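1. have a look at this prediction, sequence included:
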Amino acid sequence: MGHPRAADTPIATWAEEFLLLCRRLSPTTKETYSRDLHKYVLPRFGEYRLGQLAADEIENWLNDEIAEGIAPSSVHRHYRTLRRMLQVAVQKQKILTNPASASTRLGFRSAR
């Protein structure tokens with residue numbers, strides 16, 4: 001299987017589609033996803049293409065958030081939001097693999 005054509009979709013564009021797909025989730029969960037995406041994920045990755053995001057860039061982002069003094073529990077929530085959005089992109093065949101899955105073994109939480 002080749003690289004899906006949707007891999008060239010900007011992450012900001014996919015984030016909006018993802019939020020529309022979340023309509024069956026609780027309002028609180030959807031609100032959290034929206035806030036985390038718009039305030040933390042998209043400022044860093046919004047211009048990236050879905051197929052361009054690499055695990056090491058996600059790791060750098062998480063470590064940067066820790067260095068900025070963001071609480072590790074919040075950083076982990078931002079990561080889970082990004083990972084979930086990318087997992088849905090895999091399920092919808094927008095990308096072949098989830099680059100955030102590799103980040104689950106990252107040591108960013110060790111900065112607590």
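-> Alright, I've got the coordinates.
2. tell me where this structure has helices.
-> Ranges of helices in the chain, per DSSP state H, are 11-21, 27-36, 42-45, 55-67, 72-91.
3. contacts for the third one next, please.
-> Outside helix 42-45, the residues within contact range by CB atoms under 8 Å, 6 or more residues apart in numbering are 11-12, 15, 53, 57, 61, 82. Yep, even glycine has a C-beta here, placed from its N, CA and C like the rest.
4. who wins for most neighbours among those?
-> Of all the contacts of helix 42-45, the highest neighbour tally under other CB atoms under 10 Å goes to Leu82, namely 28 neighbours.
5. contacting residues around that one?
-> 37, 41, 45, 58, 100.
6. Arg23 now?
-> Going by CB under 8 Å, 6+ apart, Arg23 touches Lys30.
7. what about stretch 87-96, distance to the chain center?
-> In this view, stretch 87-96 has its centroid 12 Å away from the chain centroid, taken as CA atoms, centre = their mean, to the nearest Å.
8. residue closest to the middle of this structure?
-> Computing the C-alpha centroid of the chain and ranking residues by CA atoms, centre = their mean puts Leu82 first, at 1.8 Å.
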